[in-house]
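K.L.:
What shape does this take:
(one chain, ligands or ions: 2)
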Amino acid sequence: MTGYVEPTRPAPRIVHLGLGAFHRAHQVWFTQRGDPSWRIAAFPGRSARLARVLGAQDCRYTLVERGPDGDAFHPMTALVAAYGADRQTELDQLVASPAVKVVTLTITEAGYLLGPDSGIGSANPMLQQEIMALRNGDHPRTAPGRLLKALAARREAGGGPLAIVSCDNVRANGARMGAVLRELACAVDWDLTAWLADNASFVDTVADRITPATTEDDIRLVAAATGHHDRAPVVTEPFAEWVLAGEFPSGRPEWERAGAVVVDDIRPFERRKLRLLNGAHLLLALAGQKRGHHTVAGAMSDPVLVRFVEDYWSTAAKGLPEAGPYQHRLRARFTNTRIRHSLTQIATDAETKLRERIVPLVTELRAGGGDPHPALRVVAAWLSASEIAADSPRACAALDRLAPGWGTNRPLRRALQRAVTDLVQLGDHRSPSKSTEGGIR
Ligand SMILES: NC(=O)c1ccc[n+]([C@@H]2O[C@H](COP(=O)([O-])OP(=O)(O)OC[C@H]3O[C@@H](n4cnc5c(N)ncnc54)[C@H](O)[C@@H]3O)[C@@H](O)[C@H]2O)c1
Ligand SMILES: O=P(O)(O)OC[C@@H](O)[C@@H](O)[C@H](O)[C@H](O)CO
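P.N.:
Numbers count the residues shown, from 1 in each chain. Ligands and ions are numbered 1, 2, ... in the order given. The predicted structure is shown next:
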């Protein structure tokens, strides 16, 4: 069975795309605490496995809140339906229903089909393939394509306006999802553009809660602590933040009751999180593995890497709101040794993340007379982790992919060389034995 609906539980009013660890630790948590009368139906992005596992246990699971000194176990019930990623018919039916008021997304950075310049992805081959698929009446394969098809069903059914709430670590995540959907709608000539403008509100959010992939150890721990053989628990930190900006034309749960904050301008909050938290995570992930570390907390036990992070924060934090207390909290969150957040997981798709998080910072610092050196260490660590010699033609091409013109920009290359020297001095401390970290998705 790839789909599951518990008939006796209330109908979903939220549809989620990208069912994974973070959705279960964050949006489900905020919804259950904010207003338990709102229920969620979710679809993973790529497979049916998690939907099948959750379906076999009525979509209930345990959220383990893991503080530095102990665990708290919370039964989660707001998720009521889970379907395989290929279940377009169910997605269409749910999104078409007037009962559904909100769609939430955690589809990863790649899911936004951004172009190489980080703009709307007209040049993204996936976007072009999706346009062809939609024009030919084939099944869409990307999250924006699947969502657009479901929104077309809502329009047909007169389902009314709704909010689309992006929760990924992407700048202007809601606005960019709106842009990619409009791009698709125009190209496939579905006359959906006008309907989208009148009926779909794109909400930008900053969603924060460090949530590693679930491991077999987590499953064993939950069974021992609760007596339930839960195959899909999720382990997360006690901290949770959700900052939202945008309209909800048909209503939403009162997420504020669980600590969410609604603001007019999301930009200072997203800059703060993407630069300070995710930028530092990327630095630790890219530089930490060659130092022999496997987790964020492990890397944060290394004084050299802590100095890199502190240097990075000292330039990246300028002008950000309440940056001092924010960094103070990050030090505590990053050093929670009971959260085993894998550096490999964070380093996935590093090129896109650098383009989004580090390139704009370096550009801003260079233009404003700031010191880009600590941020360039992240770029140097990426080249090193990718086994690309900094003075090679491959480096030139890689840098141009990050930011057009960087490959041949001599002052930039000289500044980068200094950062590369710092990295080289760290040496390679990897042990030949494989890390045992991994995860269940
Ligand atoms: N885990 C965290 O600590 C955390 C915190 C804040 C934000 N986020 C955001 O949530 C996203 C998901 O994190 P997670 O921990 O749930 O990961 P996960 O691997 O547990 O789940 C990812 C989900 O996204 C789907 N997916 C993967 N690639 C996709 C693509 N190209 N298009 C559409 N769907 C795709 C997967 O199938 C899965 O359903 C992250 O990429 C990030 O943007 C995660
Ligand atoms: O895949 P990313 O880089 O978007 O995120 C990896 C981690 O930095 C991220 O999952 C953080 O733990 C999260 O953003 C905390 O809220």
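K.L.:
excluding its backbone neighbours, what's nearest the residue nearest the centre of the chain?
P.N.:
The residue lying closest to the centre of the chain (C-alpha atoms, centre = their mean) is residue 168, at 3.6 Å. Spatial nearest neighbour of residue 168, excluding adjacent residues (C-beta to C-beta, 6 or more residues apart in numbering): residue 106 at 5.9 Å. To be clear about C-beta, it is placed using only N, CA and C from the backbone, and glycine gets the same treatment.
K.L.:
Can you check the pLDDT for the one you found?
P.N.:
The confidence metric pLDDT takes the value 98 at residue 106.
K.L.:
try residue 121
P.N.:
Reported pLDDT for residue 121: 60.
K.L.:
In contact with the residue nearest to residue 168, which residues?
P.N.:
With contact set as C-beta atoms under 8 Å, 6 or more residues apart in numbering, residue 106 has these partners: 16, 17, 18, 20, 22, 23, 26, 27, 167, 168, 207.
K.L.:
quick check, nearest of the residues you listed to residue 314?
P.N.:
Lowest distance from residue 314 to the contacts of residue 106 (C-beta to C-beta) belongs to residue 207, with 26.2 Å.
K.L.:
and the closest one, that one's in a helix?
P.N.:
No. Looking at residue 207 with DSSP: H, G, I helix; E, B strand; the rest coil, it is strand, so not inside a helix.
K.L.:
Residue of the stretch 51-200 of the chain closest to ligand 2, please.
P.N.:
Ranked by C-beta to the nearest ligand atom, the top residue of the stretch 51-200 of the chain for proximity to ligand 2 is residue 169, at 3.5 Å.
K.L.:
can you tell me which residues contact that residue?
P.N.:
For residue 169, the contact set (C-beta under 8 Å, 6+ apart) comprises 109, 273, 274, 278, 353.
K.L.:
Which ones, among those, also lie beside ligand 1?
P.N.:
The subset of these within reach of ligand 1, by C-beta under 6 Å from any ligand atom, is residue 109.
K.L.:
Give me the subset of the contacts of residue 169 lying in helices.
P.N.:
Cross-referencing these against helices under DSSP state H gives residue 353.
K.L.:
tell me the two of the contacts of residue 169 that are most distant?
P.N.:
Across the contacts of residue 169 (C-beta to C-beta), the longest gap, 13.9 Å, separates 109 and 273.
K.L.:
More neighbours: which of the two?
P.N.:
residue 273 (21 against 17; other C-beta atoms under 10 Å).
K.L.:
Could you check which residue of the stretch 251-400 of the chain lies nearest ligand 2?
P.N.:
For the stretch 251-400 of the chain, C-beta to the nearest ligand atom, closest residue to ligand 2: residue 281, 3.6 Å.
K.L.:
near ligand 2, which residues of the stretch 151-300 of the chain?
P.N.:
169, 208, 209, 210, 277, 278, 281.
K.L.:
Quick check: of these, which has the highest neighbour count?
P.N.:
residue 281 (25 neighbours).
K.L.:
can you tell me how far residue 156 sits from residue 192?
P.N.:
Distance from residue 156 to residue 192, counting by C-beta to C-beta, to the nearest Å: 10 Å.
K.L.:
before we move on, back to that, any chance of the contacts of residue 169 in JSON lines with pLDDT as columns?
P.N.:
Output for these, formatted as JSON lines (pLDDT from 0 to 100):
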{"residue": "109", "pLDDT": "91"}
{"residue": "273", "pLDDT": "98"}
{"residue": "274", "pLDDT": "97"}
{"residue": "278", "pLDDT": "98"}
{"residue": "353", "pLDDT": "93"}
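K.L.:
Among the contacts of residue 169, which one sits closest to ligand 1?
P.N.:
residue 109 (6.0 Å).
K.L.:
In this model residue 355 seems to touch that closest one, though I could be wrong.
P.N.:
No. The criterion here is C-beta atoms under 8 Å, and residue 109 misses it with residue 355 at 9.3 Å.
K.L.:
ok so, going back, and the gap between the residue nearest to residue 168 and residue 83?
P.N.:
Taking C-beta to C-beta, one finds residue 106 at 16 Å from residue 83.
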